[in-house]
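*Asks:* Quick one, fold the following:
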Amino acid sequence: PILCFVGPPGVGKTSLGKSIARSLGRKFVRISLGGVRDEAEIRGHRRTYVGALPGKIIQAIKRAGVKNPLIMLDEIDKLGADFRGDPASALLEVLDPEQNHSFRDHYLDVPFDLSKVFFITTANVTHTIPPALLDRMEIIEIPGYVDLEKVEIAKKYLIPRQIKETGLKILDITFSDEAILKIIRDYTREAGLRELERKINAVCRKIAFEYSRGKLKSKEIHITPEKVEEFLGPPVYYNEVISRKNVPGVITGLAWTPTGGDIIFIESLKMPGGKNLILTGQLGEVMKESAEAALSLVRARAKKLGIDERFYEKSDIHIHVPEGAIPKDGPSAGIAIFSSLVSLLTEKPVDSQIAMTGEITLSGRVLPVGGIKEKVIAGKRAGIKKIIMPKWNEKDLKELPTYVKEGIEFVFVENVDEVLKEVF
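*Replies:* Coordinates of the predicted model:
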């Protein structure tokens, strides 16, 4: 099978490919497809052209020196297309086990058997990959890491590597778990590990600088949270969930992004006016429609919810999603927007440590959404205590490790009435 590892940047997709090659005893060759726009990059140039070359696939096999290497096609979701052809279409033959036994490179112009080659591709998202190409691959999702996993990876791999790279093996440097957690929570915000490794490298460079000036009193250095702040400066990020006060009209939502899950805040405000709905925060078309559906649902159920049925006649409603510079879209904020409006109009605050995700219909049903693994990991990272999600998404939790789910209460709902029972 042709494998496709899909996940946020920095989670180790390429490293996993190298490990597979090592365990299978195969030569490993990596081909970066990011920004490739010319079909000849895959199939090669005809020899009549000046400077003609074979395609990247044949070149990779030549570099490997064997007929059965493991070829990793990196960033397959970043392929382009222009007047010179579509490289994604050229890959259809390469990645089809039924056809690639007689792959014909334009430069060689003889059939070449690619059926012995083990192809692995990587991508951050799948929606930019053409459906025909996606159909040829088995998708394996690699979600981001939670803090506990990052601490263990940092202790076993990242810290020893950075100590070696900064030439500090002559010193006895240790990091406490609390110091690593402080770096993760206060100086990085990512699903992967690249920024964490850069921050650890920054700490090691500071130690190397102190050592070069002869300012170290001992060769044994223990890094504590206080030392981290001394080396890296004031914290860059803070936990917005904990710092937020419970105010009517503010709800914590869960969102999926190409770089992993994230939390968002839905804020609603009522002001004198007349039947205007204002939406801000760079919301996409689908999210705007979710807000309109949520408002219609609240108006239709106003009497049942104990809200003045004529509230919209003399009021304007403003719905805002903070971090306005970041575009946001998708239907999964439906129940969060609905709960925000109900909270605003009933003047009942909702605990900021309750997060929710789910699409709503005009009949009040809650429909399933995607990206549950990434959203739960983001909730865990942010300190969320309760997550409300569609009943149909219950199956998605089975794929998550127990330690990710620990400390979080999961509530599965089928309609908006069940949502309101949980938040008020």
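
*Asks:* ranges for the strands of the stretch 101-250 of the chain?
*Replies:* When secondary structure is read from DSSP state E, counting those that start in this stretch, the stretch 101-250 of the chain shows strands at 103-104, 111-112, 118-123, 137-141, 172-175, 220-223, 250-257.

*Asks:* Now tabulate these in TSV and tack on mean pLDDT and mean neighbour count.
*Replies:* Yep, even glycine has a C-beta here, placed from its N, CA and C like the rest. Shown next, in TSV, are these (pLDDT from 0 to 100; neighbours: other C-beta atoms under 10 Å):
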stretch	mean pLDDT	mean neighbour count
strand 103-104	90	16
strand 111-112	91	14
strand 118-123	95	24
strand 137-141	93	14
strand 172-175	93	17
strand 220-223	92	16
strand 250-257	88	24
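
*Asks:* Quick check: which of the ones you listed is nearest to Glu75?
*Replies:* Glu75 lies closest to strand 118-123 among those, at 6.5 Å (C-beta to C-beta).

*Asks:* can you give me the angle that closest one makes with strand 137-141?
*Replies:* Relative orientation of strand 118-123 and strand 137-141, computed by axes from the mean of the first three to the mean of the last three C-alpha atoms, to 10 degrees: 50 degrees.

*Asks:* where's the residue positioned nearest the centre of the chain relative to Leu24, distance?
*Replies:* Centroid-nearest residue in the chain: Gly260, 1.4 Å away (criterion: C-alpha atoms, centre = their mean). Gly260 is 29 Å from Leu24, where distance means C-beta to C-beta, to the nearest Å.

*Asks:* follow-up on the earlier one: turn the strands of the stretch 101-250 of the chain into JSON lines, columns for distance to Thr361.
*Replies:* Listed next are the strands of the stretch 101-250 of the chain as JSON lines, based on distance: least, C-beta to C-beta, whole Å:
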{"stretch": "strand 103-104", "distance to Thr361": "48"}
{"stretch": "strand 111-112", "distance to Thr361": "53"}
{"stretch": "strand 118-123", "distance to Thr361": "31"}
{"stretch": "strand 137-141", "distance to Thr361": "27"}
{"stretch": "strand 172-175", "distance to Thr361": "50"}
{"stretch": "strand 220-223", "distance to Thr361": "52"}
{"stretch": "strand 250-257", "distance to Thr361": "18"}
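
*Asks:* Relative to Pro54, which of the ones you listed is closest?
*Replies:* Taking those one by one with C-beta to C-beta, strand 111-112 is closest: 9.8 Å.

*Asks:* Which elements pack onto that closest one?
*Replies:* strand 103-104 (3 or more C-beta pairs under 8 Å, 6 or more residues apart in numbering; DSSP states H and E).

*Asks:* Which strands and helices lie in contact with the strand it packs on?
*Replies:* strand 111-112.

*Asks:* what sits up against the strand it packs on?
*Replies:* Strand 111-112 is contacted from outside by Ile58, Ile61, Ser102, Phe103, Arg104, Asp105, using C-beta atoms under 8 Å, 6 or more residues apart in numbering.

*Asks:* mind running it again at 7 Å?
*Replies:* Ile58, Ser102, Phe103, Arg104, Asp105 (C-beta atoms under 7 Å, 6 or more residues apart in numbering).
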